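Colleague: From the sequence below, what's the structure:
(chains A and B)
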Number of protein chains: 2
Amino acid sequence: MRGPRLKVGVLEDEHDEIDLGLMLASAGHDVSWIHHTEEARDFQLVVLSVIEEDLPDLVEELAAGARRGQIYLHTCLGHGVQVLDPLEPSGALVVAAHPLSDKLWAVGSLDELGETVVELLIGELGGEALNIPETQRSRLAAGMSYVGFLETIRNDAFILLSEALGNEEKALGITGELGQGRILHGVGSVERELAAIADPGRARTYRDLTRRTAEISGVQDIELWAIQEDKS
Amino acid sequence: MRGPRLKVGVLEDEHDEIDLGLMLASAGHDVSWIHHTEEARDFQLVVLSVIEEDLPDLVEELAAGARRGQIYLHTCLGHGVQVLDPLEPSGALVVAAHPLSDKLWAVGSLDELGETVVELLIGELGGEALNIPETQRSRLAAGMSYVGFLETIRNDAFILLSEALGNEEKALGITGELGQGRILHGVGSVERELAAIADPGRARTYRDLTRRTAEISGVQDIELWAIQEDKS
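Modeller: Predicted coordinates for the structure are as follows:
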């Protein structure tokens, strides 16, 4: 038996890596991409897929139009579900969901109903929902950044091997296919993730690899932040 | 048709990552592990599988006993075949071979006969031999170090994810299986590899990840070297 088909509105920015909207459309939901916050009131499920830094302001804008019966879901790993608090007085249900792998999703909810709803949604996408305590989300985000750094390093390895072998295909045979690197989402996120890493060597390496990733992808404010941190 | 079965003597140290001796035994050769350089004269093929730093002295020791008809092969990626020069006056054939992947081997030789011999040996192991110019070996070694650094980073990611998820199996589902990290082979090798990296950001990251790898594996002289380099 399939669940109900929801009328889904997706608010995303150009950084969207997850494309939950596309996944929900593939699962048979009626998905629209919306560009103005006032359109959100027309949807049963509103997906907020923007960078961490922009989410609080977006939520404030949405608060006026939210209503009972709607579900608001954000996809930021760095934020818990609390960032959606301004939507709560309307009676809307608020949840968070972020994919950690093809299978596993980090989810957040405020109550049992939220937990059930987000688990059903993720289950429908073939995923397994894992409830992450608010206090562990920054550490989890730092871990996911580290996973993204693998591609930063793989890329550097590929360039050196290509040069030395004079052959890109053979270099790829050694490094494995190059994947999507970490997309950096503002100094605030990076600072929160860094603060969640207790081991000093691991924290230093997080900072070093953030700097390299920013350098390669031309994100100057984060590169400057990392240089500054290195000096302090 | 199978090639001739060679009487192989392997001189290796505790750092041996490659185990060419075991591969040659699997291919049907008569392989012995030898512990004194004077035993080397009894073998048709002598495999030298020691760290870069120790190879020149070992070659000097072997020079007196080397003879025409023997093949000497070393497995150090950082050295070209020139490090075997002291064996040449004896008329022994000298070659180098180091695996870059399951399939691809970096090889070196001084002449056409050497090239043929090393290609036959590697071909027998199911590998493809790629002749690497002496000038590119350090850059290639730096690239292979970068490939090893992937495991340094994967390990840090795994620890953070395990802590945040409270579950090691789920963490492995995100990072992929943890592999063998880079084994560090002395400050000299690291300095040569670093010198072969032209891009300053890539070189800095090489140094940062060497430091982290040394820190994790407790190789203090390399850790101190990296800290020193960072300050200079």
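Colleague: Going by length in residues, pull out the top helix of chain A.
Modeller: Of all the elements of type helix in chain A, the one with the most residues (DSSP state H) is helix A:137-165.
Colleague: Tell me the helices and strands packed up against it.
Modeller: Packing contacts for helix A:137-165, counted by 3 or more C-beta pairs under 8 Å, 6 or more residues apart in numbering or on different chains; DSSP states H and E, involve strand A:104-109, helix A:168-175, helix A:187-195, helix A:200-217, helix B:137-165, helix B:168-175, helix B:200-217. Any C-beta I mention is one placed from the backbone N, CA and C, and that applies to glycine too.
Colleague: Out of those, which is closest to B:Asp42?
Modeller: Each of the helices and strands packed on helix A:137-165 was checked against B:Asp42 via C-beta to C-beta, and the shortest separation belongs to helix B:137-165, namely 30.3 Å.
Colleague: Including mean neighbour count, distance to A:Arg67 and mean pLDDT, could the helices and strands packed on helix A:137-165 go into JSON lines?
Modeller: Converted to JSON lines, the helices and strands packed on helix A:137-165 look like this (neighbours: other C-beta atoms under 10 Å in any protein chain shown; distance: least, C-beta to C-beta, whole Å; pLDDT from 0 to 100):
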{"stretch": "strand A:104-109", "mean neighbour count": "23", "distance to A:Arg67": "19", "mean pLDDT": "96"}
{"stretch": "helix A:168-175", "mean neighbour count": "18", "distance to A:Arg67": "51", "mean pLDDT": "96"}
{"stretch": "helix A:187-195", "mean neighbour count": "19", "distance to A:Arg67": "30", "mean pLDDT": "94"}
{"stretch": "helix A:200-217", "mean neighbour count": "21", "distance to A:Arg67": "40", "mean pLDDT": "96"}
{"stretch": "helix B:137-165", "mean neighbour count": "24", "distance to A:Arg67": "34", "mean pLDDT": "96"}
{"stretch": "helix B:168-175", "mean neighbour count": "18", "distance to A:Arg67": "36", "mean pLDDT": "96"}
{"stretch": "helix B:200-217", "mean neighbour count": "21", "distance to A:Arg67": "50", "mean pLDDT": "96"}
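Colleague: Among these, which comes closest to B:Val50?
Modeller: Proximity to B:Val50 (C-beta to C-beta) singles out helix B:137-165 among the helices and strands packed on helix A:137-165, at 15.3 Å.
Colleague: contacting residues around the closest residue to A:Arg68 other than its chain neighbours?
Modeller: Counting by C-beta to C-beta, 6 or more residues apart in numbering or on different chains, A:Arg68 lies nearest to A:Gly91, which is 3.3 Å off, once chain neighbours are set aside. Counting by C-beta atoms under 8 Å, 6 or more residues apart in numbering or on different chains, A:Gly91 makes contact with A:Arg67, A:Arg68, A:Gly69.
Colleague: Quick check: A:Gly91 vs A:Ala63, distance?
Modeller: 12 Å (C-beta to C-beta, to the nearest Å).
Colleague: swap in A:Asp85?
Modeller: In this structure, A:Asp85 and A:Ala63 are separated by 9 Å, where distance is defined by C-beta to C-beta.
Colleague: Counting neighbours, go ahead and name the busier of the two.
Modeller: When neighbours are counted by other C-beta atoms under 10 Å in any protein chain shown, A:Ala63 comes out ahead of the other of A:Asp85 and A:Ala63, with 18 against 14.
Colleague: Need the distance between the two termini of stretch A:61-69.
Modeller: Across its full length, stretch A:61-69 reaches 19 Å end to end, with C-alpha to C-alpha, to the nearest Å as the criterion.
Colleague: before we move on, what about stretch A:35-55?
Modeller: Using C-alpha to C-alpha, one end of stretch A:35-55 lies 15 Å from the other.
Colleague: Could you pull up the contacting residues of the nearest residue to A:Ala157 once chain neighbours are set aside?
Modeller: For A:Ala157, the nearest residue in space outside its immediate sequence neighbours is B:Tyr146; the separation is 3.5 Å by C-beta to C-beta, 6+ apart. Neighbouring residues of B:Tyr146 by C-beta under 8 Å, 6+ apart: A:Ile153, A:Asp156, A:Ala157, A:Leu160, B:Tyr206, B:Leu209.
Colleague: Can you tell me which of those is nearest B:Gly126?
Modeller: Of all the contacts of B:Tyr146, B:Gly126 sits closest to A:Ala157, with 23.7 Å by C-beta to C-beta.
Colleague: Now for the closest one: which residues touch it?
Modeller: For A:Ala157, the contacting residues are A:Ile174, A:Thr175, B:Gly143, B:Met144, B:Tyr146, B:Val147, B:Phe149, B:Leu150, by C-beta under 8 Å, 6+ apart.
Colleague: gap between the residue nearest in space to the middle of chain A and B:Glu38?
Modeller: Computing the C-alpha centroid of chain A and ranking residues by C-alpha atoms, centre = their mean puts A:Cys76 first, at 4.1 Å. Computed as C-beta to C-beta, the A:Cys76 to B:Glu38 distance reads 67 Å.
Colleague: for A:Ser109, same thing?
Modeller: Distance from A:Ser109 to B:Glu38, counting by C-beta to C-beta: 73 Å.
Colleague: what sits against the residue nearest to the centre of chain A?
Modeller: For A:Cys76, the contacting residues are A:Val50, A:Ile51, A:Glu52, A:Leu55, A:Val83, A:Ala96, A:His98, by C-beta under 8 Å, 6+ apart.
Colleague: tell me the SS of it?
Modeller: At A:Cys76, secondary structure determined by DSSP: H, G, I helix; E, B strand; the rest coil is coil.
Colleague: Ok, the one 3 residues further on next?
Modeller: Reducing the assignment to helix, strand or coil with three-state DSSP, the entry for A:His79 is coil.
Colleague: Test my guess that it contacts A:Glu52.
Modeller: Yes: between A:His79 and A:Glu52 there is a contact at 6.0 Å, judged by C-beta atoms under 8 Å.
Colleague: Which residue of the two possesses the greater neighbour count?
Modeller: In terms of neighbours (other C-beta under 10 Å), A:His79 is the more surrounded of A:His79 and A:Glu52; the figures are 24 against 19.
Colleague: and the more buried one, what pLDDT?
Modeller: On pLDDT, A:His79 comes in at 91.
Colleague: Over to it: give its phi and psi.
Modeller: Here is the backbone geometry of A:His79 (degrees, to the nearest 10): phi -100, psi 140.
Colleague: now the one 10 residues further on
Modeller: Summarising the backbone geometry of A:Pro89 under the convention degrees, to the nearest 10, its torsions are phi -60, psi -30.
Colleague: who's in contact with the closest residue to it other than its chain neighbours?
Modeller: On the basis of C-beta to C-beta, 6+ apart, the spatially nearest residue to A:Pro89 that is not a chain neighbour turns out to be A:Ala63, at 7.7 Å. Counting by C-beta under 8 Å, 6+ apart, A:Ala63 makes contact with A:Pro86, A:Leu87, A:Pro89, A:Ser90.
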